[in-house]
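Participant: Have a look at this prediction, sequence included:
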Amino acid sequence: MVIKKDTLDQLLAGRDPREVFAKDGLVDELKKALANRVLSAELDDHLDGEAAAGNANRRNGYSKKTVLGESSKLELRIPRDREGTFDPKLIAKYQRRFPGFDAKIISMYARGMSVREIQGHLLEIYGLDVSPDLISTVTDAVLETVSEWQNRPLETSYPLIFFDAMRVKIRDEGLVRNKAVYLALGVQADGTKDILGIWIETTEGAKFWLRVMNELKNRGVEDVLIAVVDGLKGFPEAINAVFPQAIVQTCIVHLIRHSLEFVSWKDRKPLVPALRMIYRAKDAEAGMAALEAFDAGFWGKKYPAIALAWRRNWDRVIPFFAFPEGVRKIIYTTNAIEALNAKLRRAVKIRGHFPTDDAATKLIYLVLRDAAAEWKMASREWGEAKSQFAVLFEDRFITR
């Protein structure tokens, strides 16, 4: 619909252009007028329906109601009917905010802004004096969605599940503690990604991971082909206790990153090709030979802790060599989760720390939700890997 130029000229006549979009300016007046017109039309429609049903209902004046909009407070005239059966769709009886207002608050919260920062932003930019309690009420509503999401049914089988962790600061019993946020990202048979869950714990271990695995099983997961992990303590034992056929694979990139922690900045770039000889070997035997050569060479002697780290994790590196190139590219790293963690770290860095586990959960869920909305299709390597999975795992690789 195109608004006629003459109509716009009439609206703008005699107005200061700078005040058109200001608080209580022309735009706010239009919003108010349109809202009142819609409410009146809704009541007309309701009364027509009542008359058709044989009810002698009619108008009964107006009630004033202040509603929070996306950029201002609007004082509306809510029409009433004599029988009290009219419930507007635009603004329901007990509703005090336009739907877009809640979305704006949640969007700011998802970007790492605290309740007080959101309050200050709304006051400074829009002139809206919104209480912290109202903002908390809006964001707390997300927890109901999180609970439903965290308990939703899952697929019966996942070719790949990536597990990873990041540390966040959360206030607990009066002290700010480092807690781990654990993520599980599943790749389905068609290559699409799905975040399976979020768990926040102070410590990790076999008991914790056993609980996570049992939770996944209770939500419908019957089989996992490959689990890629970042050296998470107690995980291999836990997953094999619940999914005994699952292959547990150490994330190679995490192992490389851990190796580089021992290396000075100037040596990192020239050292990486030497590590590449290990994980790009044709098989496990060749990989071990490359590791022995690295250990005996210049870099191994200068940084002996690197070879020790690889040997310590070698049992979980070996499965990698058994797969063809197409599958190796997929399980090579937890890049999918790393991309999520990068977004999470940006939001967490802005916040500094969280007052409760629930506050952290809300933010993390919102960041993950926005990230997942950008996933449109399977990765380009999945086509080759899919055919390899079908051969390697036969009837365990379930497609639809």
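Facilitator: Structure's in. What do you need? None of these values were measured; they are calculated from a predicted model. Numbering: from 1, shown residues only.
Participant: Strands of this protein, residue ranges please.
Facilitator: Secondary structure of the chain by DSSP state E: the strands cover 59-68, 73-81, 157-172, 175-187, 193-201, 223-229, 247-250.
Participant: tally of neighbours for Val272?
Facilitator: 13 (other C-beta atoms under 10 Å). Heads up, the C-betas are built off the backbone N, CA and C, glycines and all.
Participant: now do the one 5 residues further on
Facilitator: A count of neighbours around Met277, defined by other C-beta under 10 Å, yields 15.
Participant: What sits closest to it if chain neighbours are left out?
Facilitator: Spatially, and ignoring its direct neighbours in sequence, Met277 is nearest to Ala290 (4.5 Å; C-beta to C-beta, 6 or more residues apart in numbering).
Participant: State the pLDDT value of the one you found.
Facilitator: What the model reports for Ala290 is a pLDDT of 92.
Participant: i'd like the first residue to be 874 from this point on
Facilitator: All right, first residue 874 from here; so that's Ala1163.
Participant: Pull up the gap between it and Asp918, please.
Facilitator: 76 Å (C-beta to C-beta, to the nearest Å).
Participant: out of the two, which sits in the more crowded spot?
Facilitator: Neighbour totals were compared for Ala1163 and Asp918, and Ala1163 leads with 19 against 12 (other C-beta under 10 Å).
Participant: Would you agree Val1097 is in contact with Tyr1031?
Facilitator: Yes: with contact taken as C-beta atoms under 8 Å, Val1097 and Tyr1031 are classed as touching, separated by 5.4 Å.
Participant: Give me the spatial nearest neighbour of Arg1189, chain neighbours excluded.
Facilitator: Thr1123 (3.9 Å).
Participant: Leu1007: neighbour count?
Facilitator: Each residue near Leu1007 was counted by other C-beta under 10 Å, and the total is 17.
Participant: Look up how far Ile978 lies from it.
Facilitator: Using C-beta to C-beta, Leu1007 is found at 9 Å from Ile978.
Participant: For the stretch 874-1023 of the chain, give me the ranges with low pLDDT.
Facilitator: Residues of the stretch 874-1023 of the chain meeting the criterion pLDDT under 70: 874-885, 887, 891-901, 903, 905, 907, 942-945, 967-974, 998-1001.
Participant: Return the distance of stretch 1012-1022 from the chain's centre.
Facilitator: Its chain's C-alpha centre and that of stretch 1012-1022 lie 13 Å apart, by C-alpha atoms, centre = their mean, to the nearest Å.
Participant: just the angle between the biggest helix by length in the chain and strand 932-941, please?
Facilitator: Criterion DSSP state H: the longest helix present in the chain is helix 899-925. Between helix 899-925 and strand 932-941, the angle comes out at 140 degrees (axes from the mean of the first three to the mean of the last three C-alpha atoms, to 10 degrees).
Participant: counting contacts, what elements does helix 899-925 pack onto?
Facilitator: Judged by 3 or more C-beta pairs under 8 Å, 6 or more residues apart in numbering; DSSP states H and E, the packing partners of helix 899-925 are helix 878-885, strand 932-941, strand 946-954.
Participant: winner for burial among the strands of the chain?
Facilitator: The highest average neighbour count among the strands of the chain, using mean count of other C-beta atoms under 10 Å, belongs to strand 1096-1102 at a mean of 23.
Participant: Show me what it is packed against.
Facilitator: strand 1030-1045, helix 1108-1115, strand 1120-1123.
Participant: What are the structural domain limits within the chain?
Facilitator: Using automatic domain parsing, the domain parsing of the chain gives 874-968, 970-1025, 1028-1269.
Participant: any weak-confidence spans in the stretch 1124-1273 of the chain?
Facilitator: Where the stretch 1124-1273 of the chain drops to pLDDT under 70, the residues are 1206-1211, 1273.
Participant: Can you list the residue ranges for helices in it?
Facilitator: 1125-1133, 1138-1152, 1157-1169, 1171-1175, 1177-1185, 1187-1194, 1198-1204, 1208-1224, 1230-1245, 1255-1266 (DSSP state H, counting those that start in this stretch).
Participant: Would you convert these into TSV that also reports distance to Val911?
Facilitator: Putting those into TSV (distance: least, C-beta to C-beta, whole Å) gives the following:
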stretch	distance to Val911
helix 1125-1133	55
helix 1138-1152	62
helix 1157-1169	69
helix 1171-1175	72
helix 1177-1185	66
helix 1187-1194	61
helix 1198-1204	52
helix 1208-1224	37
helix 1230-1245	30
helix 1255-1266	48
